[in-house]
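Peer 1: With the sequence up front, the predicted model follows.
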Amino acid sequence: MQPALTRFAGRSRLVRAAVAAAVVLALLLWWQPGGSNPAPQGTVSFTTGVHTGVYERYGKLLRNSLHKDLPGVDVRLQRSEGSVQNIERLVSGEAGFTIATADAVADHLARGGAGANRLQACARLYDDYMQLVVPRDSPVHKASDLRGKRVAVGQPGSGVSLIAGRLLKAAGIDPDTGIEPVRVGIDTMPDLLRQGKIDAFFWSGGLPTGAVSALAETVDVRLVPLGDLIGALQDESSATRHYRAAVMPADAYPQIQDGKPVKTVAVANLLVTTDRVDPALAERVTRTVIDSRDRIGRKVHAAQLVDLRTAIYTDPLELHEGARRYYRSVKS
């Protein structure tokens, strides 16, 4: 009897060991990059920005990466006027994800805008740099010189319109009456400057912005420094604390800058969603954003600045539960 019992006990230990190994393997597989099972399915809308802008280019490349990582999810892109409209689409349920500047988000929260309590973030992405572009022979050498000029300030629903108005106020100019405002986007601004129909345009975008680089190939232009306005700008309201002094490096626009850096103002871009989005989907999207940085950055240089170490700093928004899951899973 003793040998039989010994063999039985041995088999029991083997069975228990096999079961334990299977459980461990299942847990390891569940935590593999790609998130929890089952993989998200369905359709999600991503609202981006104006044609030729960095938001749109980034959105297209991110969609390609998401298609590989989440083949069961159909990501549909929508063009928009920019950050302000993007936030409106999120809270209305028209979109599931977007990119928006931190100042536009803060403004929506401060105003108690519709659905403000639903907004959450997945990642801090890259910074937008404020760019004031004029013909090289323009008499405009600082923002206060824009008084009475025809100035393109962005479309009404854009982040550039928001910050341009604040910069003009910081320079002592009423944005409605102190200039002749032209409310168009980056898809139109360069042509208007080329044709002499405007004297200057404001743009807020990642470096370099393709439309500005393309303009410099056919028109002799320069960038007007804006860094001297940061103090007055930050004093305007609580939302303006998200602006920081920055420097456009000398090689951002080699044809424009003559090897010289330009002092300006920058603001962070956030990948924004709402509490309506399933945590599993938010987790997988966040993972793809971080993992695709180098691939997207080869075509959209601003995306090279997406960094795991800074992505969690999404002030003024809290991280979505799905994004927190991702960051916990990769925490060393």
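Peer 2: The structure has been received and is ready for your questions. Predicted model only: the values in this text are computed from it and were never measured.
Peer 1: Tell me where this protein has helices.
Peer 2: 2-30, 54-69, 83-92, 102-110, 159-170, 189-194, 210-216, 230-234, 254-257, 279-291, 293-297, 321-330 (DSSP state H).
Peer 1: Minimum distance to residue 311: which of those helices has it?
Peer 2: In terms of C-beta to C-beta, the element of those nearest to residue 311 is helix 279-291, at 6.4 Å. Using the backbone N, CA and C atoms, a C-beta is placed for each residue, glycine as well.
Peer 1: Between helix 54-69 and that closest one, find me the angle.
Peer 2: 110 degrees (axes from the mean of the first three to the mean of the last three C-alpha atoms, to 10 degrees).
Peer 1: in helix 279-291, what counts as buried?
Peer 2: 279-290 (16 or more other C-beta atoms under 10 Å).
Peer 1: Using a markdown table, please lay out those residues together with distance to residue 45 and pLDDT.
Peer 2: Compiled in a markdown table, the buried residues of helix 279-291 are given as follows (distance: C-beta to C-beta, whole Å; pLDDT from 0 to 100):
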| residue | distance to residue 45 | pLDDT |
| --- | --- | --- |
| 279 | 18 | 97 |
| 280 | 18 | 96 |
| 281 | 12 | 97 |
| 282 | 14 | 98 |
| 283 | 18 | 97 |
| 284 | 16 | 97 |
| 285 | 13 | 97 |
| 286 | 17 | 98 |
| 287 | 20 | 97 |
| 288 | 16 | 97 |
| 289 | 17 | 97 |
| 290 | 22 | 96 |
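Peer 1: sorry, back to before: want to throw the helices of the chain into a markdown table with distance to residue 204?
Peer 2: Shown next, in a markdown table, are the helices of the chain (distance: least, C-beta to C-beta, whole Å):
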| stretch | distance to residue 204 |
| --- | --- |
| helix 2-30 | 41 |
| helix 54-69 | 10 |
| helix 83-92 | 9 |
| helix 102-110 | 9 |
| helix 159-170 | 4 |
| helix 189-194 | 12 |
| helix 210-216 | 11 |
| helix 230-234 | 13 |
| helix 254-257 | 17 |
| helix 279-291 | 21 |
| helix 293-297 | 20 |
| helix 321-330 | 25 |
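Peer 1: Sort out which one of the buried residues of helix 279-291 lies nearest residue 167 for me.
Peer 2: residue 289 (29.3 Å).
Peer 1: I figured that closest one hits residue 124, correct?
Peer 2: No. The pair residue 289 / residue 124 is not scored as a contact, 10.3 Å apart, by C-beta atoms under 8 Å.
Peer 1: what is in contact with the two at once?
Peer 2: 271, 311 (C-beta atoms under 8 Å, 6 or more residues apart in numbering).
Peer 1: Kindly report the domain assignment for this protein.
Peer 2: Domain segmentation of the chain under automatic domain parsing yields 1-30, 42-127+269-330, 128-267.
Peer 1: least reliable of the ones you listed going by mean pLDDT?
Peer 2: Among those, domain 1-30 carries the lowest mean pLDDT, at a mean of 40.
Peer 1: The residue nearest to residue 136 when sequence neighbours are not counted and residue 172, how far apart?
Peer 2: Among residues not flanking residue 136 along the chain, residue 220 sits closest, at 4.3 Å (C-beta to C-beta, 6 or more residues apart in numbering). With distances taken as C-beta to C-beta, to the nearest Å, residue 220 is found 29 Å from residue 172.
Peer 1: Give me the longest strand you can find in the protein.
Peer 2: Ranked by residue count under DSSP state E, the longest strand found in the chain is strand 119-135.
Peer 1: That one relative to helix 159-170, how many degrees between them?
Peer 2: Using the same axes, to 10 degrees: strand 119-135 against helix 159-170 is 60 degrees.
Peer 1: Report the angle between strand 119-135 and helix 102-110.
Peer 2: Angle between the axes of strand 119-135 and helix 102-110 is 130 degrees (criterion: the same axes, to 10 degrees).
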